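In: build me a model:
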Amino acid sequence: MAAPREAGFGVPGLVARAAAGDVQAFEELYRANVGRVYALCLRMSGDRHLAEELVQESFVRAWQKLPSFRGASAFSTWLHRVTVNVVLGHRRSASSRARGSAPPEAAEPERAVTTVSPGEAIDLERAIGALPDRAREVFVLHDVEGFRHEEIARLTGIAVGTSKAQLHRARRILRKALAP
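Out: Coordinates of the predicted model:
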């Protein structure tokens with residue numbers, strides 16, 4: 001029979017200690033989750049440097065909001081939601097700055113995905129990164145992270161139909177890019 005854990009150990013204990021201001025506990029949570037947070041930021045942004053900035057912003061936001069974490073879900077689920085909100089918030093602020101020069105759809109020209117000869121393999125992550133911003137965002141949220149179109153629409157401020165159209169667009173581009 002396994003011995004019971006001491007109070008303050010394990011993820012719930014780390015979260016409680018970090019919420020109380022224990023920086024070391026938060027550092028442990030950071031080390032345990034930074035890889036997944038970076039992967040999510042990279043998939044959603046398509047840019048390594050921006051992903052690194054978004055990771056830092058996500059953990060800063062998590063530190064600030066940690067006292068509001070109620071434990072109704074796993075810490076990693078809560079952190080995932082914080083990260084998605086940070087990435088989407090960055091996108092909205094960048095989009096609003098660019099809006100003065102072009103309509104939203106014109107601001108996202110469809111990028112050509114590099115095609116390869118039949119003998120070459122293409123990296124799926126690179127293909128996802130080459131998707132147009134909105135299509136990549138919806139694809140990652142729906143097909144990678146498992147959000148429903150209604151949730152994506154609410155998170156991103158687009159219509160459900162737009163979410164479905166962008167997912168269709170992303171899949172079409174990826175099929176073409178990944179075809180032998």
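In: give me the neighbour count for residue 84.
Out: 23 (other C-beta atoms under 10 Å). For every residue, glycine as well, the C-beta is placed using N, CA and C.
In: quick one: the nearest residue to it once chain neighbours are set aside and residue 69, what's the gap?
Out: Closest residue to residue 84 apart from its sequence neighbours, by C-beta to C-beta, 6 or more residues apart in numbering: residue 155 at 6.6 Å. Residue 155 is 19 Å from residue 69, where distance means C-beta to C-beta, to the nearest Å.
In: contacting residues for the residue nearest to residue 84?
Out: Applying C-beta atoms under 8 Å, 6 or more residues apart in numbering to residue 155 gives the contacts 84-85, 88, 141, 147.
In: now intersect those with the strands, please.
Out: For those, not one is inside strands, with DSSP state E as the criterion.
In: distance check, residue 76 against residue 69.
Out: Applying C-beta to C-beta to residue 76 and residue 69 gives a distance of 11 Å.
In: what do the two both touch?
Out: By C-beta under 8 Å, 6+ apart, no residue touches both residue 76 and residue 69.
In: helices and strands of the protein: which one has the lowest mean pLDDT?
Out: Ranked by mean pLDDT, DSSP states H and E, the weakest helix or strand in the chain is helix 124-129, scoring a mean of 81.
In: and the helix or strand just after that helix, what other elements does it pack with?
Out: Past helix 124-129, further along toward the C-terminus, the next helix or strand under DSSP states H and E is helix 133-139. Helix 133-139 sits against helix 23-45, helix 75-98, helix 124-129, helix 149-156, helix 160-178, with contacts defined as 3 or more C-beta pairs under 8 Å, 6 or more residues apart in numbering; DSSP states H and E.
In: give me that answer again for 6 Å
Out: helix 160-178 (3 or more C-beta pairs under 6 Å, 6 or more residues apart in numbering; DSSP states H and E).
In: run the chain-centre distance for the helix it packs on.
Out: With C-alpha atoms, centre = their mean, to the nearest Å as the basis, helix 160-178 stands 18 Å off its chain's centre.
In: neighbours of residue 127, how many?
Out: What residue 127 shows, counting by other C-beta under 10 Å, is a neighbour count of 19.
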